[in-house]
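Student: need the 3D shape of this:
(2 chains)
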Amino acid sequence: MTRGKAGYWWYLLPGAVAFTAVVAVPFGANLYLSLTKWSGIGDPRWIGLDNYSRLLRDEVFWTSFRNTAAMVIAMVVVPTLIGLLLSAALFDVIGRRFGPRTASFLRATFYLPQVLPVVVAGILWGWLLRPDGAVNAVGRAIGLGEHDWLGDPKTALPMVMLVMIWVQIGYPVVIFLAALQRVDPDLYEAAEIDGAGWFARFRAITLPQIRPETFVVTLTCTIAALKVFGPIWALTRGGPDNATTVPSYFAYNAFFNKLQVGYGAAVATALTLVIVAVSIGFLKVQRRAEE
Amino acid sequence: MRSPRTMISMGAAMVSLALVLAGCSGGDDGAAGDGGQGGTLKLWHYESANGAMGKAWDRAIEVFESEHPGVTVQFERKAFEQIQQNASMILASDQAPDLMEYNKGNATAGLLSSKGLLTDLSDEVASRGWDKALSPSLQTTARYDEKGVMGSGNWFGVPNYGEYVMVYYNKALFQQYGVAVPKTLDELTAAMDTFVAKKVTPLGMAGAEYPAGQLYYQLALSKADRSFVDNYQLYKGSVDFQADPLRYGAETFRQWVGKGYVSKQSASLKAEDMGTAFIAGRTPMIVSGSWWHGRFASEIKKFEWGTFLFPGNKLNAGSSGNLWVVPEQSKNKKLAYDFIDITMRPEIQTIMANNGGVPVKADLSQVTDPRNKELIANFAAITKDDGLAFYPDWPVPGYYDVLVAGGQSLINGSKNPDQVLVDLGKAYHRGVEEIKNG
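Tutor: You can find the predicted model right below:
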């Protein structure tokens, strides 16, 4: 190492101190707690890996991870696919035919749910979906009868997924539209002159050009889906009968309702490890794709 | 949104703070003396300013200040959740108040008392005669053994109000459909049949929160005696979830859903939904607690309403209200005891009674509103017969969620009563084992 390079290490110090204080130490403490039995007061009692072996046998824990897979579909897969189509349509069709103002207005409309605090969105949807809510009023009006959407284990998770799709769609649309701004318009014009239709242009130009943004959207949304808490808390509190429980709600419940801090810490650790593993996997795939 | 990282940080912060605070308080025992010369009484509670307790205790502060010239009451109104989630850290620190309202039960006051964070009030209770104002079932929530299990041992809190579950009914709807106030369970079901025949769902319900669990428990209590309550709540004996009274509770609840007494569409509703439907005059009856009384009195203007005890039950869900506790770290314990004493006086208790509260030592001749009188008289009748059976979610920490899940399943029919009872039993027995084994 040269003398010059060594001098720059000092600049990393504030970041390293902050990381240690805000991330490393709390994570270490959480890891320690996950190896203890503790009600939140008094001294934690060391029990080794008991919390983890209990976790592996806990049906609710596995249900919560299955529900997380549903959240990934609702918060990543569907919004990204719809977002791609919507942004391409807004940029390539609406923007050109009806002008950029119309496209901006529509973009803002799609983004609106992202501006709402997620708990507010959850409460609003809770009103719409309640037994005497607007959704059932429409159902009754068109002769479909009524249903307790969030109170039936068969429909609660699909409804939560629907709400999350509604919440999420604006995010990929805005990111993809920003990405499309940097695509050279000549590419589209040339393709059009060559007789390429909208779908051919979408496949051959739009998709490859915005690949880096697609990675960013997929990664950030996957992390958001893995740690989702607010909408579950606002809509269903994990019910009915754990049909919508997710790991972060499961951990919250263990921490604050059951006073099983050690067990809650084990859930949080497992969730963190999953998120870190998924993130590393994503970044590797992205790097390989870029090479 | 609470991210995992936030949760981890919170967990770690809890540890670090607890360690720091424990360190601070370790060699500080002398500070928590009984001097009473501090000049301030630091008092926290979480009752709303316009509620019965809030009004009564405001007056108690005035009386306290006039009787303790030179002493200032430093009052802070806290949120229920704030105290619920942070009490252990607060009480372990030297920032603890001198006197605090705190939740009763094994998982709250019991847990903290077993960790030495609350002052043993036994001597004060005896010398000031507070125990004489409290019936045995009200004393249950004030006393905890060394493991923090309520019902025996030393006094770690003093309640000065009570609460219980009853039936609220809409007199206008009863009149409209020609239904009389039922006095037995059979009369209640006959009344509900009348409403169902007219396509009115008779009983308001909310499966996503406590009401379902309370109805299940009320039904179970109709077949129970004190020994069942002692076994279930105080672990004095074994509890069989596959036998009556709990089997009767779950099966009857499910039958009531089947017969249309309770809506099949109420699994996702919250207690607030049930209450507002009653306030709006859409529901003939709800089975719920005395905490609604003051709100109904102020918000229901369009029709007459009344209450009656769950027909035929000698035991009813209910208990003392929350407790006055004196943190071990309190610097002015004597002032705290003086304040508790003032809140037990008839003057303060009467303010509570006249504002829709349920005081423990009421002078009915001083209560003006007939509905308030009825509320207090019913409570007095229950406590006189040792009829308070506490709440179904109390036995073990985290049991509330288990009960909510069970209630939802009974409403939406996703599980039969057998399966629900298996789930309830499993969680109960596991929790009791944990408490017993520490």
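
Student: for B:L118, grab phi and psi.
Tutor: When read as degrees, to the nearest 10, the backbone of B:L118 gives phi -110, psi 150.

Student: would you mind measuring from it to B:K331?
Tutor: As for B:L118, its distance to B:K331 is 15 Å (criterion: Cβ to Cβ, to the nearest Å). For every residue, glycine as well, the C-beta is placed using N, CA and C.

Student: which of those two has more neighbours?
Tutor: Set side by side, B:L118 and B:K331 show more neighbours around B:L118, with 29 against 22, by other Cβ atoms under 10 Å in any protein chain shown.

Student: where does A:S39 fall, secondary structure wise?
Tutor: Applying DSSP states H and E as the criterion places A:S39 outside every helix and strand.

Student: skip the chain neighbours and tell me the closest residue to it.
Tutor: Using Cβ to Cβ, 6 or more residues apart in numbering or on different chains and skipping the chain neighbours, the partner closest in space to A:S39 is A:L259 (4.6 Å).

Student: for that neighbour, give me its contacts.
Tutor: Contacts for A:L259 (Cβ atoms under 8 Å, 6 or more residues apart in numbering or on different chains) come out as A:39-40, B:107, B:111, B:397-398.

Student: so which of the residues you listed is the closest to B:G425?
Tutor: B:G398 (15.0 Å; Cβ to Cβ).

Student: and the pLDDT for that closest one?
Tutor: Reading off the confidence values, B:G398 has pLDDT 81.

Student: is it true that B:V325 touches B:P97?
Tutor: No. Look at B:V325 against B:P97 with Cβ atoms under 8 Å: they stay out of range, at 9.7 Å.

Student: which one's more surrounded, the two?
Tutor: Comparing B:V325 with B:P97 by neighbour count (other Cβ under 10 Å), the higher total belongs to B:V325, at 30 against 25.

Student: who are the contact partners of that one?
Tutor: B:99-102, B:109, B:112, B:118-119, B:156-157.

Student: list the ones among the residues you listed that fall in helices.
Tutor: Taking DSSP state H, the ones among the contacts of B:V325 that sit in helices are B:L112.

Student: and stretch B:385-402, how far out from the chain middle?
Tutor: Offset of stretch B:385-402 from its chain centre (Cα atoms, centre = their mean, to the nearest Å): 9 Å.

Student: is that stretch in proximity to chain A?
Tutor: Yes. Against chain A, stretch B:385-402 shows contacts by Cβ under 8 Å from any Cβ of the partner chain at B:397-398, B:400-401.

Student: run through who's touching the one helix or strand in chain A whose mean pLDDT sits lowest.
Tutor: Least confident helix or strand, chain A: helix A:95-98 with a mean of 82, by mean pLDDT, DSSP states H and E. Helix A:95-98 has contacts (Cβ under 8 Å, 6+ apart) with A:102-103.

Student: mind listing what's buried along it?
Tutor: By neighbour count on 16 or more other Cβ atoms under 10 Å in any protein chain shown, the buried set for helix A:95-98 is A:G95.

Student: could you point out which element follows it?
Tutor: Counting by DSSP H and E, what follows helix A:95-98 is helix A:100-115.

Student: anything in that following helix near chain B?
Tutor: No. On the criterion Cβ under 8 Å from any Cβ, helix A:100-115 is out of touch with chain B, staying 12.4 Å away.

Student: pLDDT averaged over that helix, what's the number?
Tutor: 89.

Student: can you give me how far it is from the chain middle?
Tutor: For helix A:100-115, the distance to the chain centre is 20 Å (Cα atoms, centre = their mean).

Student: and for stretch B:419-432?
Tutor: Chain-centre distance of stretch B:419-432: 22 Å, with Cα atoms, centre = their mean.

Student: alright, that wraps it up for me.
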